[in-house]
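**Student:** sharing a model that was predicted from the sequence below.
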Amino acid sequence: MDLTRLGLMMSQAARVIWHVCCLRAAAEEYHAEFGAKEAAIAALTAEADSTKGHMQAEIEKLRNDMEAEVTQVKEAMQRRVEEAVAETQTKASGLRDAREKNVHFSARVVALNSRVAQLSKQLRDSQAREKALTTELEGAKRGGRGLENGLSRPSSGSSTPPRQLRDATPSGSPYPAPDGLLMPGQLNEYAGLNRENEKAVLLLTSGVVERRLSIINIQHGQAPADSIGMPVAAWLLGETLLHWAMRWRSQEVDVAALRVRGSVLQTAEAEGLTYQAYWFSTTLALGAFLKVRSIGKRECSNLFKLGDELIQFGELHHLLAASVADMLPVNASVLLSEDAKRLARSTGSLTRQTSTADGSSYEAANAEMSGLPATKSFEGLMNSPWKELLGSLSNVLETLRGEGAPPPACRAVVHAALRYVDAELLNALMLRRDCCSISAVKALQSGILDIKAWVAYQGVALCGEVADAERALAHSSQAVKYLLGGKDDCVRKASKGFDIGHDLRRMCPNLSPPQIYKLTEHHHDDWITGGGGTNTIALLETLKRAADAQYGHGSPNGSLSMMESSNDIYGTHQSGRSFDDDDTLLLDSLAQFVLPRKLLTDAARFFVQAPRAHASTAPGVSLLDRIEVTCRRNVQLPRGLRDRPEFAFLK
């Protein structure tokens, strides 16, 4: 029984062992399968990590590529925007320049049309006078009064044309010249030329002076703009006078120079503005040429003085001034025109100033006058009532440029022309009460700003700075400032017995007490009330005392100190003259047309010395050798001198 039990137990143990072995085998198989799955999972994980890294790299590359493309697109768009802005600005600038040129040429056309109408009227009047004289002459002939012989004899006051004067002059007698070229003693001392020299002078004046010769360009740099225009006549006359100075007696050279100057004056007077501008440039070039070429030569000392006289050729400048003044339509009509008043109303309204002790009304008017030119564009002057005047100034300037005048000479003429305009405008205020109304003064203010805009448009080289124009227009500008701003302050101060001398010296230093008195008396308000405005009796009495003290009709009473200043801005005491006299109120317009000596000297230097380099203190190179070479190579002598042996030195 024990054996049976033992066998049973052993049998059970064997089954257990077998089951354990089976379980172990199953566990080992499971572990092997699990290891294979872990290996597969690890492989998949590694593959996933690799794929993830690759995809991240691709994504990063795509992101970088996209950012680069976006940056390029942005840069391209920015460049396109900048190019579009630049193109728009260029087109806007071109459009603005085109509009300004349109205004410029339109103003010139308006001025030329007005000038043509004026000359046509003068021609019709001359034809009517000629017809009337012809009718009178025919009637006299029929009546047997013998006026034909009387008319054929020239009167003592008539002028003789140059050719008739030359033909009627004996070969041994001096050529008549305008007064003031030589002293009376010199006319008797240097009274003649021999027959040969007389003939040479006649050939020179007929071939060079009585006809307009060309202007050649002299290069002094590499750029095309680095050139000046040299009048051929200046070179021919200069070379001839220098040649004669080496061979003739000094008295004969003086007579020849006198004859040349007289012929220049007669030709310029007969031919008008174009010839006057031509001879203005030519005499500047000739004067500079003679001065430089005669330095250090004893026999040419008289030509050095002649050169300075030609640069400051007063008689020719007077003719030029008269012609320029005749071209400028300056009168009271532009101040009184409805267009000017309407434009003045549209550009600003009248503001009543408040009473202040420090003259703030004047400061406001001064700010208004000084602030507007910076914002007023020349292209906005298309409908300006001053368009004809601006066009006339442009025509004068273009005439000077076309005849070879250098920039300093153009600046001198423009400055003198503006001084003439200033005098005419002030005289209009002095003579007519309606020119001192609020509307007229506003129109004058607008016109002054238009002139400054024109000066800024033409540029510094030709017209100078705007500040130069302000100085040239000082009288009319100060009158505007006084009437629009300072007068009310002076009225209040004068009515309270305060001193107004300092205010007047500050507002209008160029105006005299009689002129301020007349402006105050004429000034009235036609803008708002249509009446006479503020009571100005106290101010008028104060100004009258100052004017009487200046012109010897009384003594100043009160605290008016403008005449007590050591720096007397109104001139010296002149007894015996009334402040109501026209010569104490009005300016001589042509006397204001003065060409500054310094600008004329600078203009003459242009013909013999190139402008110095920018930001350099060294003088420009001399042009004498280039002028000599260019003229001898390119100048063709006039027909009257070409085959004459006495002028062979010019070839």
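**Tutor:** Perfect, I can see it now.
**Student:** where does the stretch 251-400 of the chain dip in pLDDT?
**Tutor:** Under the criterion pLDDT under 70, the flagged ranges of the stretch 251-400 of the chain are 334, 337, 339-341, 343-383.
**Student:** go again using 90 as the cut-off
**Tutor:** Applying pLDDT under 90 to the stretch 251-400 of the chain flags residues 251-254, 256, 267-273, 275, 289, 292-305, 307-308, 313-314, 325-392.
**Student:** what are the boundaries of the helices in it?
**Tutor:** Under the criterion DSSP state H, counting those that start in this stretch, the stretch 251-400 of the chain carries helices at the ranges 273-293, 301-311, 314-327, 333-336, 338-347, 360-371, 387-402.
**Student:** so which elements touch the shortest one?
**Tutor:** Based on contacts counted as 3 or more C-beta pairs under 8 Å, 6 or more residues apart in numbering; DSSP states H and E, the elements that helix 333-336 packs against are helix 438-458. Yep, even glycine has a C-beta here, placed from its N, CA and C like the rest.
**Student:** A strand includes F498, no?
**Tutor:** No. Following the definition DSSP: H, G, I helix; E, B strand; the rest coil, F498 is coil and is not counted among the residues of a strand.
**Student:** wait, which of the helices of the stretch 251-400 of the chain is closest to I448?
**Tutor:** Nearest of those to I448, taken as C-beta to C-beta: helix 360-371 at 7.5 Å.
**Student:** hmm, back to that, between the helices of the stretch 251-400 of the chain, which one is closest to A40.
**Tutor:** Closest of the helices of the stretch 251-400 of the chain to A40 is helix 360-371, at 89.9 Å (criterion: C-beta to C-beta).
**Student:** contacting residues around T601?
**Tutor:** If you count contacts by C-beta atoms under 8 Å, 6 or more residues apart in numbering, T601 has them with I311.
**Student:** which strand or helix spans it?
**Tutor:** Taking DSSP states H and E as the criterion, the element that holds T601 is helix 597-605.
**Student:** same check on L637?
**Tutor:** Going by DSSP H and E, L637 is not part of any helix or strand.
**Student:** rewinding a little: what's the most buried one of the helices of the stretch 251-400 of the chain?
**Tutor:** Compared across the helices of the stretch 251-400 of the chain, helix 273-293 shows the largest average neighbour count, a mean of 25 (mean count of other C-beta atoms under 10 Å).
**Student:** that helix vs helix 314-327, what angle?
**Tutor:** For helix 273-293 against helix 314-327, the angle by axes from the mean of the first three to the mean of the last three C-alpha atoms, to 10 degrees is 150 degrees.
**Student:** now the helices for the stretch 551-651 of the chain?
**Tutor:** For the stretch 551-651 of the chain, the helices defined by DSSP H, counting those that start in this stretch cover 582-585, 597-605, 624-634, 639-642.
**Student:** for N197, find the nearest of the ones you listed.
**Tutor:** Evaluated over the helices of the stretch 551-651 of the chain, closeness to N197 peaks at helix 639-642, with 15.0 Å, by C-beta to C-beta.
**Student:** what's the closest one packed up against?
**Tutor:** With contacts defined as 3+ C-beta pairs under 8 Å, 6+ apart, helix 639-642 has these neighbours: helix 195-204.
**Student:** go through the helix it packs on and flag the buried ones.
**Tutor:** Neighbour counts over helix 195-204 (16 or more other C-beta atoms under 10 Å) mark 197-198, 200-204 as buried.
**Student:** I'd like these laid out as CSV, including pLDDT.
**Tutor:** Below are the buried residues of helix 195-204 laid out as CSV (pLDDT from 0 to 100):
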residue, pLDDT
N197, 87
E198, 87
A200, 87
V201, 89
L202, 89
L203, 88
L204, 88
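**Student:** brilliant, that's me finished.
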